[in-house]
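*Asks:* When you get a sec, could you give me coordinates for this:
(one chain, ligands or ions: 1)
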Amino acid sequence: MPIRRYTPADAAAAGEIFRHAIAVIGARDYTPEQIAAWAGPDGTAERLDARLGDGRLALVAVDGEDRVLAFGDLEADGHIDFLYAAPQAAGTGIVSTLYDALEAAARAQGIARLYSEASEAARRFFLKKGFVVLDRRDFAVRGVAIHNYAMEKHLRR
Ligand SMILES: CC(C)(COP(=O)(O)OP(=O)(O)OC[C@H]1O[C@@H](n2cnc3c(N)ncnc32)[C@H](O)[C@@H]1OP(=O)(O)O)[C@@H](O)C(=O)NCCC(=O)NCCS
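*Replies:* Numbering: from 1, shown residues only. The predicted structure follows:
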């Protein structure tokens, strides 16, 4: 499964994946009100491009025709802000390959700790990658109560 760097031309596809991933995969664990609040206005191509294109490492997994199936990022301090898969690509191992590339880049940069605020699905994924849960975070997004998990993985002692 090819992994390559995100470019601004991927922004629209990333937006579609962001919205579909939340609506379809998120629905397994979150209510419709929580899904709507989570998706909010952040999934437009413009908003995603502003963040994914701000200098952080942003990678996409693509199919044989260079269609984006998943995307994720790594900020300079080890924070993973985004990890989203098209529903048809979730559970196939594509995200695992994408994540491994992010972790390899982090190690190459000498980053000692990866961390994220993980949804329920992401918590299950990150646990398989050796992350631990620090705590459950209960908060409100656009007035709707929701939760995720602070997770981390130390890459070297
Ligand atoms: C988080 C995510 C990128 C992980 O990738 P993945 O390929 O699904 O990873 P995994 O196969 O390890 O699955 C993790 C969990 O996702 C859920 N999931 C996976 N494929 C799914 C599918 N096709 N439909 C619904 N849920 C699915 C399951 O709850 C799964 O947990 P399980 O393996 O214990 O059943 C992906 O699930 C996703 O895009 N989720 C929605 C967006 C999201 O929560 N992003 C993280 C924001 S912090």
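
*Asks:* Which strand residues bridge the spatially most central residue of the chain?
*Replies:* Residue closest to the average C-alpha location in the chain (Cα atoms, centre = their mean): Leu83, at 1.2 Å. Listed by DSSP bridges, the beta-bridge partners for Leu83 are Gly72.

*Asks:* Now do the contacts for it.
*Replies:* Contacts for Leu83 (Cβ atoms under 8 Å, 6 or more residues apart in numbering) come out as Ala70, Phe71, Gly72, Asp73, Val95, Leu98, Tyr99, Ser116, Ala122, Phe125. Glycine gets a C-beta too; all of them are placed from N, C-alpha and C.

*Asks:* Please repeat the previous calculation with a cut-off of 10 Å.
*Replies:* Leu83 makes contact with 21, 70-73, 95, 98-99, 102, 116, 118-119, 121-122, 125-126, according to Cβ atoms under 10 Å, 6 or more residues apart in numbering.

*Asks:* One more: Phe131?
*Replies:* Counting by Cβ under 10 Å, 6+ apart, Phe131 touches 80, 114-116, 118, 122-123, 125, 149, 151-154.

*Asks:* Throw those into JSON lines and include distance to the ligand, thanks.
*Replies:* Output for the contacts of Phe131, formatted as JSON lines (distance: Cβ to the nearest ligand atom, whole Å):
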{"residue": "Ile80", "distance to the ligand": "8"}
{"residue": "Leu114", "distance to the ligand": "13"}
{"residue": "Tyr115", "distance to the ligand": "11"}
{"residue": "Ser116", "distance to the ligand": "6"}
{"residue": "Ala118", "distance to the ligand": "5"}
{"residue": "Ala122", "distance to the ligand": "4"}
{"residue": "Arg123", "distance to the ligand": "8"}
{"residue": "Phe125", "distance to the ligand": "4"}
{"residue": "Tyr149", "distance to the ligand": "9"}
{"residue": "Met151", "distance to the ligand": "9"}
{"residue": "Glu152", "distance to the ligand": "14"}
{"residue": "Lys153", "distance to the ligand": "14"}
{"residue": "His154", "distance to the ligand": "19"}
